[in-house]
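Visitor: Quick one, fold the following:
(chains A and B)
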Amino acid sequence: MRRLFLAAMAGLLCLSLQCARSQKLAWQSNTKADEHQLVQFLYPEQITVAADKPNVVELHFRVNDGLHINSHTPRAKSLIATRLMVEEPAGVNVASVDFPPGTDYSPAFSPQDKLSVYTGEFVLRAHVIAKPGDHLVQAALRYQACDANSCYPPKTAPVAVSVIAK
Amino acid sequence: MKRNHLVLILVIAALALMIWSGVDNYRRRKAEQEKIKAMQAAVLVPAAPAATGDTAAASEEEEKSPLEGKQAPPFTLETLQGQKISLASYKGKAVLVNFMATWCAPCKVETPWLIDLRKQYAPQGFEILGISTDDLDKDDKKLNAQDKAEIAKFVDNMHIDYPVLIDGDSISHPYGGIDALPSSFFVDRSGKIVAATVGLHDRSELEADIKKALASGGA
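Guide: Numbers count the residues shown, from 1 in each chain, chains lettered A, B, ... in the order given. So this is what the prediction gives:
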C-alpha cells in the first residue's frame, strides 16, 4: 500500500514538473517580436483538425491602412519577400504554406513600376498534419512595409495557433 | 517513519511546484496582455508608420525632428571597402546624412537627385554620406560578405559616387531611431542639424535644405 502511495506521489511530482515545463514552453516566445507591428495576425487562435490526416489551416492577417507589404514573390530581387517561419512542435508537421498572389501596385512616386504587394486582409494556407492531442504552433511572419512616401524596416509579426488534433 | 517523511516532502514539493507554475503562468499571461495592450495602443496612435499616404507626408512635414537645432550625433562607420569615416572629419562642410536601404523604393527615386545635387553643390562645400541600414550578418562571414555584395551592387547600379557607409542600424538610436526610410539629416558647417526629413520629398525641398545647411554654421 505504502509502495503504491509512494509511486503515486512520484507520479504527481513528475506531472507537476511536466506541467511547469509545458507552461514555460507555451508562454515563452523564441521569436523576437517588434514593438510596432504594421501587420496584425487576426485569427485563428485555436483550431480543431483531424489527427494524422492532411489539413489546411487558413491564417488571416491584416496590413494596416495606407500601407502595403511585398508579396511572397516580389518582382525585384532586392525587395524583401513576405515569409512565414514556422516552429514545428513535436507531433505537428507543417508540410508547406501557400501564399496568395500579390496584387499590382504602382507607387505615386514611381508610376511606371509595378510592385507585387499585399494590402488589407490576406490569407495564408498552411498544410498541417498533427498527431492526436493539443499542440501550440508558433510562427513568425516576416514582412517589409511601405506607404506612399516611406519604407519601414523589415519586421516580424508573432503568430500562435492552438491546434487540437482529434 | 522515514518513509512517511519522504512522502510528506514529496507531497509538499509537488504542491509547491504546482502553485509556483500557476503563479508563473498568471504572471506571464499578465505580461503578455500588457504587451499586447501596448502594441494595440501603438497601432491606434496615428504615428507615421500607421498613417495613410498623404496624411503621413503632411504629419511628417508638420512634425519637426527633436534633433533640429542640435549638434549632429557623432559617428564613425565603415565604407564597403573597410575605410572608417567619421562625421567629425567633415566639419566646415555642409553634410547630408542620408539613411537608406537597398530594399527601399523611395530611396531609389531620390538617389539620382542626390547625385545631381551633390555635383552641383560640392564646390560650395557640400557632401553626402549615404548610411545603409541593410542587415549585415554578424555571425557568418560568408553571409556578411553576401550582404555587403548586395549593397555594393545597389551602389553600382544607382551610380552613387558619394561615400556609402554600412551598419547604419548601429547609429540609428542617437538619430532618434530610424523608423522610416529615406531619412535625411542636413548638417551645417558647424555640425548642427538644420533640417531633417522622413520619407520621399521633392527635389526642390531637398535643394532648399541643402542651401540652408550651406548657409549656416560658417566661420
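Visitor: Look up phi and psi at the spatially most central residue of chain B.
Guide: Relative to the mean C-alpha position of chain B, the nearest C-alpha, by C-alpha atoms, centre = their mean, is the one of residue B:178, at 2.8 Å. Per-residue torsions, residue B:178: phi -90, psi 100 (degrees, to the nearest 10).
Visitor: doesn't residue B:170 make contact with it?
Guide: No - in this structure residue B:178 lies outside contact range of residue B:170 using C-beta atoms under 8 Å: 11.0 Å. Heads up, the C-betas are built off the backbone N, CA and C, glycines and all.
Visitor: burial measure for residue A:37, as a count.
Guide: By other C-beta atoms under 10 Å in any protein chain shown, 22 other residues sit near residue A:37.
Visitor: Please apply the same query to the one 3 residues further on.
Guide: By the measure other C-beta under 10 Å, the count of residues near residue A:40 is 16.
Visitor: That one contacts residue A:61, doesn't it?
Guide: Yes - with contacts counted by C-beta under 8 Å, residue A:40 reaches residue A:61, the gap being 6.6 Å.
Visitor: Helices of chain A, start to end?
Guide: A:2-27 (DSSP state H).
Visitor: Okay, and the beta partners of residue 127?
Guide: Assuming you mean chain A. Listed beta-bridge partners, residue A:127: residue A:56, residue A:96 (assigned using DSSP bridges).
Visitor: right idea, wrong chain: chain B
Guide: Where residue B:127 sits in a bridge, its partners, by DSSP bridges, are residue B:95.
Visitor: Next, the contact list for residue A:97, please.
Guide: Neighbouring residues of residue A:97 by C-beta atoms under 8 Å, 6 or more residues apart in numbering or on different chains: A:84, A:86, A:124-127.
Visitor: Strands along chain A, start to end?
Guide: Here chain A has its strands, by DSSP state E, at A:39-43, A:46-49, A:55-63, A:68-70, A:83-87, A:92-98, A:103-105, A:115-118, A:121-130, A:133-143, A:145-146, A:155-165.
Visitor: Quick one, which of these gets closest to residue B:114.
Guide: strand A:145-146 (19.1 Å; C-beta to C-beta).
Visitor: how about the helices of chain B, start to end?
Guide: Under DSSP H, chain B gives helices at B:2-44, B:53-62, B:105-121, B:141-157, B:203-215.
Visitor: quick check: angle from the last one to helix B:105-121?
Guide: This means helix B:203-215. Angle, helix B:203-215 to helix B:105-121, by axes from the mean of the first three to the mean of the last three C-alpha atoms, to 10 degrees: 50 degrees.
Visitor: CA-only coordinates of helix B:203-215, as CSV, when you get a sec.
Guide: Coordinates of each C-alpha in helix B:203-215 appear next as CSV, following Å, rounded to 0.1, in the frame of the first residue of the first chain:
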residue,chain,number,x,y,z
ARG,B,203,13.9,67.6,-55.3
SER,B,204,13.2,71.2,-54.7
GLU,B,205,12.7,70.6,-50.9
LEU,B,206,16.0,68.7,-50.7
GLU,B,207,17.8,71.5,-52.5
ALA,B,208,16.3,74.1,-50.2
ASP,B,209,17.5,72.2,-47.2
ILE,B,210,21.0,71.7,-48.7
LYS,B,211,21.1,75.5,-49.2
LYS,B,212,20.1,76.0,-45.6
ALA,B,213,22.9,73.8,-44.4
LEU,B,214,25.4,75.5,-46.7
ALA,B,215,24.4,79.0,-45.4
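Visitor: residues of that helix that come out buried?
Guide: B:206, B:209-211, B:213-214 (16 or more other C-beta atoms under 10 Å in any protein chain shown).
Visitor: Among those, which one sits closest to chain A?
Guide: Nearest to chain A, judged by C-beta to the nearest C-beta, of the buried residues of helix B:203-215 is residue B:206 at 13.3 Å.
Visitor: Tell me which residues touch the closest one, please.
Guide: B:110, B:113-114, B:117, B:184, B:197.
Visitor: just to revisit the earlier point, dump the strands of chain A to CSV, plus mean pLDDT.
Guide: What follows is these, written out as CSV (pLDDT from 0 to 100):
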stretch, mean pLDDT
strand A:39-43, 96
strand A:46-49, 95
strand A:55-63, 97
strand A:68-70, 96
strand A:83-87, 94
strand A:92-98, 95
strand A:103-105, 93
strand A:115-118, 95
strand A:121-130, 96
strand A:133-143, 96
strand A:145-146, 96
strand A:155-165, 95
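Visitor: Go through those strands and name the closest to residue B:201.
Guide: Nearest of the strands of chain A (C-beta to C-beta): strand A:145-146, 15.4 Å.
Visitor: any idea what sits nearest the residue nearest to the centre of chain B, other than its immediate chain neighbours?
Guide: Among residues not flanking residue B:178 along the chain, residue B:172 sits closest, at 4.4 Å (C-beta to C-beta, 6 or more residues apart in numbering or on different chains).
Visitor: so how far is residue B:144 from the one you found?
Guide: 19 Å (C-beta to C-beta, to the nearest Å).
Visitor: now do residue B:117
Guide: 32 Å.
Visitor: The two: which has the busier surroundings?
Guide: Per other C-beta under 10 Å, whichever of residue B:117 and residue B:144 has more neighbours is residue B:117, with 20 against 15.
Visitor: Now do the contacts for that one.
Guide: B:126, B:203, B:206-207, B:210.
Visitor: tell me the least confident of those residues?
Guide: Least confident by pLDDT among these: that is residue B:203, with 92.
Visitor: Would you confirm that that one contacts residue B:115?
Guide: No - look at residue B:203 against residue B:115 with C-beta under 8 Å: they stay out of range, at 11.3 Å.
Visitor: closest to residue A:80 among the buried residues of helix B:203-215?
Guide: residue B:206 (25.8 Å).
Visitor: Distance-wise, check that closest one relative to residue B:93.
Guide: 17 Å.
Visitor: now residue B:70
Guide: 18 Å.
Visitor: Between the two, which has more neighbouring residues?
Guide: residue B:93 (18 against 11).
Visitor: May I ask which helix or strand of chain B has the lowest mean pLDDT?
Guide: helix B:53-62 (a mean of 45; mean pLDDT, DSSP states H and E).
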